[in-house]
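Asks: Provided below for reference: sequence and predicted model.
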Amino acid sequence: MKHFLSVKDMTAKEIIDLLDMAESFREEGVQITKQVFAANLFFEPSTRTKTSFIVAEKKLGIESLEFDMETSSMKKGESLYDTAKTFEAIGANILVVRHEADDWDEELRDKISIPVVSGGAGKRNHPTQSLLDADTIYQEFGTIKNINIVIAGDIRHSRVAKSNAEMLTKLGANVYFACAPDFQDKSLDYPYITMDEAVEIGDAVMLLRIQHERHDEFSSSTLNYHNDYGLTLEREKKMKDHAIILHPGPVNRGVEIESSLVECDRSRIFKQMNNGVYVRMAVLTTQLLKWGIIDEHHIEKRNDTYGRQSARNIRFAN
Amino acid sequence: MKHFLSVKDMTAKEIIDLLDMAESFREEGVQITKQVFAANLFFEPSTRTKTSFIVAEKKLGIESLEFDMETSSMKKGESLYDTAKTFEAIGANILVVRHEADDWDEELRDKISIPVVSGGAGKRNHPTQSLLDADTIYQEFGTIKNINIVIAGDIRHSRVAKSNAEMLTKLGANVYFACAPDFQDKSLDYPYITMDEAVEIGDAVMLLRIQHERHDEFSSSTLNYHNDYGLTLEREKKMKDHAIILHPGPVNRGVEIESSLVECDRSRIFKQMNNGVYVRMAVLTTQLLKWGIIDEHHIEKRNDTYGRQSARNIRFAN
Amino acid sequence: MKHFLSVKDMTAKEIIDLLDMAESFREEGVQITKQVFAANLFFEPSTRTKTSFIVAEKKLGIESLEFDMETSSMKKGESLYDTAKTFEAIGANILVVRHEADDWDEELRDKISIPVVSGGAGKRNHPTQSLLDADTIYQEFGTIKNINIVIAGDIRHSRVAKSNAEMLTKLGANVYFACAPDFQDKSLDYPYITMDEAVEIGDAVMLLRIQHERHDEFSSSTLNYHNDYGLTLEREKKMKDHAIILHPGPVNRGVEIESSLVECDRSRIFKQMNNGVYVRMAVLTTQLLKWGIIDEHHIEKRNDTYGRQSARNIRFAN
């Protein structure tokens, strides 16, 4: 059975099916009518990915288990594998894992008997982020084929750049990179263009986060960076009428993007976060189905605004 | 639409209505029959306020989202505003925020499209604490009009003193302050009395917490403080028969109050904490109604001791 | 009314009844049909015990309240007693407490009016761990009478060794200790044997965790320890055919046990963790019943795989 660790092994059809499922969950609502436990094992700081998974779980009716690095047995030297096995033994039916190691999944891949969903792996990949990016473009244009997508920023250190570029290419998009020379990754074979070219050619300009915490020397030249490689007010004006701005967050306002553009008309930055919840609901549901933890009978389409159970009603009904 | 940020803008009637709603929730129970997400964004340490909000949410049937300062993107330099917007995008329907900045609300006030409830703002105010204090007095005396209330302790650094004094005055109480000279706040226009006068005049003596963590030099003279300005065993004996003791907690036993008095007959200290849950249920419900997130149909009066849904019953009912 | 603080005061019959209840919960499922709040106050790092209690609560339908040492009022100097009283006031119906003090329960014993369940006390005892160990042996052999059980490892610093030895003896087992001379506890009156004797005599070999964090000087001689006092590959081969290996976790692979044995056929290490959930469900349920917080009407036997409430069904049923 396959874990959900990368978009690499997914076919274009599988990806589009998953985005369609996400959209149906948004429109019709969904509830899993079986008690399922998801353990969210985040070994790296995260607000949006972790909370997004938790909201996805709660919207599905899944019980969320959290894990606190600071007060856990990791302090006693326990490995990721033993932590994961422990959660499995205690009753988790599915694991969501983020870890700073690029290859954390190798510790778990063949040794754990419940599905593992990646919440991000080191600098390498972040498959649910890739899917929510694709979802936002798909939602906007009805397709991903032939859409010009520029990924701009710290390509080399980004876990989103590589996996997104591959996935979007597989879905038929034309992918370009735009970044400072230091941030180029020569091992990736996509055309590099300037930010001035990017805003003219791009249907979607996908900005990456400058990872201040990994580039201390960097902060002094922030303004120069913004002018040379950021999305400035001037550049935004040159974007195509229908073009959109994406950013995985958290945003460094005034660095990779002018602060006032974060919520401008063509920004889909907060929309992306919202889409992330539904994409993750689809990923979780798909994995639970594939692994036989739930079956179709346990999935009930139901509007988000559901009337909850009334004790009184149930007693009357009896 | 108005956020819940201060008791200042509430009329006396609005306050009393809210306290009546809190009391009805305690007696009859209540359950919101729609899936609602509350994000509890506590940027300062808190046990009682945060837990009280979470219990209030769970009693209402609201999903609680928590936020861990230590492992969040705040570490990556994200602002309160961007954190709040993120939780909104991910699906929060209401935010509960505590922050050390006196004016944190200005960052959010006009820019967020879901209701914000204050869980405390710097040294300035703490509106749900004020309401639970009022609730406890109202519960005891059936009114707040003409009740003599002494607020005693570190007036100058307390976020409760100022907002409470204003609110209780608006509700018709006679408010006095009692404190060491260093703790006086000359900008507030209430009569200052001694602790010996306080216990003779007060129907309610509301002690404040000496904030050890803000007064390091202070600890050496703890005993003197207790004798000069604290509620000693001797002073408690001089209180009126019906007079009550209030304290927002956490208590410094032996400093502002003699340890054995914390649970004496006239202490309402733990009762206050209990009242806080129902007051917060009323605040959350009121805000959700005002903002149209729920309507009256989603509020079901139901005893706390509710029989939960039975899968079997539901299947039989079908 | 009695708190759940130790297995010492339990009779053999009470223990076996509780294990039978745990087993019935596993087989038939159970749901408490009243809203009950459990506060999990863990003042020491813990993954497995804390998560196990939380899963137990969620399987029972109990609301879990968590407590974060790092951001709590403990930082403001609040005592365990005041923290516990606060959770009681705010609405907790039952407390689960772990604390590093051997005698933390004395602070609470007669002063708190809701049941307290121990999640571990200093070096002294850890009653739910003892019960899950007993459960695993009982499950394996159908009895505990006349079973040879060797407890091996750091007897002196273990909170499990002493309470387990007492309990298992009460249940009719023959208990032996095996450990390095430094780890012996002369105050305990059980036969000390070598690890080579242990694997020959034991029906169950219960390894304890070497507490690296308490023995810094120790790590240099890890290999020697493993060879002299650990469960090596060679020793495992000499175990009786039916003999099982137990370990409370977290495991130091290669120290007290050879890494590959952690998941060998005769290992019940992860099974123990799984049993812990059901044992804790039984403990919580028993305490809630004893204290009159729920009655038998609130306990509904229901398979774990329960169909949840359907809003639509309920509306039709009406």
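Replies: Looks like it arrived, so ask away. Residues are numbered from 1 along each chain as shown, chains lettered A, B, ... in the order given.

Asks: From here on, just use CA atoms for contacts and neighbour counts.
Replies: Noted.

Asks: Spell out the residue ranges of the strands in chain A.
Replies: Along chain A, the segments classed as strands by DSSP state E run A:30-32, A:37-42, A:63-66, A:94-99, A:116-121, A:148-152, A:174-178, A:204-207, A:244-246, A:299-301.

Asks: Could you check stretch A:43-52 against chain B for contacts?
Replies: Yes: Stretch A:43-52 is in contact with chain B by Cα under 8 Å from any Cα of the partner chain, via A:44, A:45, A:46, A:47, A:48, A:51, A:52.

Asks: where's the dip in pLDDT among these?
Replies: Within the residues of stretch A:43-52 next to chain B, residue A:45 has the lowest pLDDT, namely 79.

Asks: For that residue, grab phi and psi.
Replies: Dihedral angles of residue A:45 (phi, psi; degrees, to the nearest 10) stand at phi -50, psi 140.

Asks: Give me the number of neighbouring residues for it.
Replies: Each residue near residue A:45 was counted by other Cα atoms under 10 Å in any protein chain shown, and the total is 21.

Asks: From chain C, how far off is it?
Replies: Distance, residue A:45 to chain C, by Cα to the nearest Cα, to the nearest Å: 16 Å.

Asks: Tell me how far that residue lies from residue A:250.
Replies: Distance of residue A:45 to residue A:250, computed by Cα to Cα, to the nearest Å: 12 Å.

Asks: same question, residue A:80
Replies: The gap separating residue A:80 from residue A:250 is 26 Å, by Cα to Cα.

Asks: just residue A:68 next, same as before
Replies: 21 Å.

Asks: of those two, who's got more company?
Replies: residue A:250 (23 against 18).

Asks: how close does the closest residue in space to residue A:19 that isn't next to it in sequence get to residue A:176?
Replies: The shortest distance from residue A:19 to any non-neighbouring residue, by Cα to Cα, 6 or more residues apart in numbering or on different chains, is to residue A:135 (6.0 Å). Here the criterion is Cα to Cα. By it, residue A:135 lies 19 Å from residue A:176.

Asks: repeat for residue A:134
Replies: 15 Å.

Asks: got it, and residue A:263?
Replies: In terms of Cα to Cα, residue A:263 sits 24 Å off from residue A:176.

Asks: got any ranges where the stretch 101-250 of chain A has weak pLDDT?
Replies: The stretch 101-250 of chain A contains residues with pLDDT under 70 at A:212-220.

Asks: cutoff 90 now
Replies: Where the stretch 101-250 of chain A drops to pLDDT under 90, the residues are A:101-107, A:109-110, A:121-125, A:156-163, A:182, A:186-188, A:209-225.

Asks: Tell me the spatial nearest neighbour of the residue in it positioned nearest to chain B, not counting adjacent residues.
Replies: The minimum distance from the stretch 101-250 of chain A to chain B, using Cα to the nearest Cα, falls at residue A:250 (6.5 Å). Of all residues not flanking residue A:250 in the chain, residue B:78 sits nearest, at 6.5 Å (Cα to Cα, 6+ apart).

Asks: Where does the stretch 51-200 of chain A get nearest to chain B, which residue?
Replies: For the stretch 51-200 of chain A, Cα to the nearest Cα, closest residue to chain B: residue A:52, 6.0 Å.

Asks: Number of residues surrounding the closest residue to that residue other than its chain neighbours?
Replies: Leaving out its chain neighbours, the residue that sits closest to residue A:52 by Cα to Cα, 6+ apart is residue A:277, at 5.2 Å. Residue A:277: 28 surrounding residues under other Cα under 10 Å.

Asks: who touches stretch A:10-17?
Replies: Outside stretch A:10-17, the residues within contact range by Cα atoms under 8 Å, 6 or more residues apart in numbering or on different chains are A:131, A:170, A:171.

Asks: same question, stretch A:117-131
Replies: So stretch A:117-131 is contacted by A:3-7, A:15, A:19, A:42, A:49-50, A:94-104, A:157-160, A:162-164, A:167, A:248, A:276, A:279-280, A:283-284 (Cα under 8 Å, 6+ apart).

Asks: If we use 6 Å, what do you get?
Replies: A:4-7, A:96-102, A:157-160, A:163-164 (Cα atoms under 6 Å, 6 or more residues apart in numbering or on different chains).

Asks: report the longest helix in chain A, please.
Replies: Longest helix in chain A by number of residues (criterion: DSSP state H): helix A:269-290.

Asks: ok, residue A:251 - contacts?
Replies: Contacts for residue A:251 (Cα under 6 Å, 6+ apart) come out as none.

Asks: For it, report the pLDDT, please.
Replies: So, for residue A:251, pLDDT stands at 92.

Asks: any idea how far residue C:140 is from it?
Replies: Between residue A:251 and residue C:140 the computed distance is 56 Å (Cα to Cα).

Asks: got it, and residue A:180?
Replies: 64 Å.

Asks: Equivalent analysis for residue A:56, please.
Replies: From residue A:56 to residue C:140 the distance is 39 Å (Cα to Cα).

Asks: same question, residue A:186
Replies: 59 Å.

Asks: If you count surrounding residues, which of these two has more?
Replies: Legend: neighbour count by other Cα under 10 Å for residue A:186 and residue C:140, higher for residue C:140 (15 against 9).

Asks: circling back to that earlier point, pick out whichever of residue A:263 and residue A:176 has more residues nearby.
Replies: residue A:176 (21 against 12).

Asks: beta partners of that one?
Replies: As for beta bridges, residue A:176 partners with residue A:150 under DSSP bridges.

Asks: residues contacting it?
Replies: Residue A:176 touches A:150, A:190, A:191, A:192, counting by Cα under 6 Å, 6+ apart.

Asks: quick revisit: of the strands of chain A, which is nearest residue C:23?
Replies: In terms of Cα to Cα, the element of the strands of chain A nearest to residue C:23 is strand A:37-42, at 20.1 Å.

Asks: Where do the helices of chain A begin and end?
Replies: According to DSSP H, the helices that chain A contains are A:12-28, A:48-60, A:80-90, A:105-108, A:127-141, A:159-170, A:195-201, A:222-229, A:233-237, A:269-290, A:311-317.

Asks: And those helices: which comes nearest residue C:199?
Replies: helix A:80-90 (25.0 Å).

Asks: Mind listing what's buried along that closest one?
Replies: A:80, A:81, A:82, A:83, A:84, A:85, A:86, A:87, A:88, A:89, A:90 (16 or more other Cα atoms under 10 Å in any protein chain shown).

Asks: separation between the closest residue to chain B within the stretch 1-150 of chain A and residue C:301?
Replies: Residue of the stretch 1-150 of chain A nearest chain B, by Cα to the nearest Cα: residue A:45 (4.3 Å). Remark: distance between residue A:45 and residue C:301 (Cα to Cα) = 40 Å.

Asks: Alright, that wraps it up for me.
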